[in-house]
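[1] here is the input, now give the coordinates:
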Amino acid sequence: MIRFATPCGALAIVVLLAGCSAKPPMGVALRSGSQFEHEWGRYLKMAPSKALAVAGDVTVTHVVGYAHDAASDEQAAREALAACEQRRGDRRIEGACRLYAVNEEIVAVEPAD
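    From the prediction side, this is the model:
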């Protein structure tokens, strides 16, 4: 049996062991997944008549353009492509922006680079 000089010593051990649990610190979930997965999750929460355009390699360096709550799906697609092109120029990403999704439907014919 282990004996502690003070009750505070026992409490310190309990606190130390509790900090080694598998739960994230202070109940805050740690971010996992790629940046694109994070952006996709954010996009899915946007209002309908939305679109997402992508330029670059989604596993490394890329940019996205969003549009949501547009008057039509076609307008959302145009706005998303324009936003993507603006960011592509700012970040000097090679390759054109491609429409990736309209509403919840993935429309990309070819995978993003």
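[2] the closest residue to Glu39 other than its chain neighbours bridge partners, please.
    Distances taken as CB to CB, 6 or more residues apart in numbering place Val64 nearest to Glu39, at 5.3 Å, with adjacent residues excluded. Any C-beta I mention is one placed from the backbone N, CA and C, and that applies to glycine too. Per DSSP bridges, the residues bridged to Val64 are Val54.
[3] pull the CA atoms of the longest helix seen in the chain into CSV?
    For the chain, the helix with the greatest residue count under DSSP state H is helix 73-91. What follows is helix 73-91, C-alpha atoms only, in CSV (Å, rounded to 0.1, in the frame of the first residue of the first chain):
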residue,chain,number,x,y,z
ASP,A,73,-27.9,26.6,-58.4
GLU,A,74,-26.4,28.0,-61.6
GLN,A,75,-25.7,31.4,-59.9
ALA,A,76,-24.1,29.6,-56.9
ALA,A,77,-21.8,27.7,-59.3
ARG,A,78,-20.8,30.9,-61.0
GLU,A,79,-20.1,32.7,-57.7
ALA,A,80,-18.2,29.7,-56.3
LEU,A,81,-16.0,29.6,-59.4
ALA,A,82,-15.4,33.3,-59.2
ALA,A,83,-14.4,33.2,-55.5
CYS,A,84,-12.1,30.2,-56.2
GLU,A,85,-10.4,32.1,-59.1
GLN,A,86,-9.8,35.1,-56.8
ARG,A,87,-8.2,33.0,-54.1
ARG,A,88,-6.3,31.0,-56.7
GLY,A,89,-4.7,34.2,-58.0
ASP,A,90,-3.9,35.4,-54.5
ARG,A,91,-2.2,32.1,-53.6
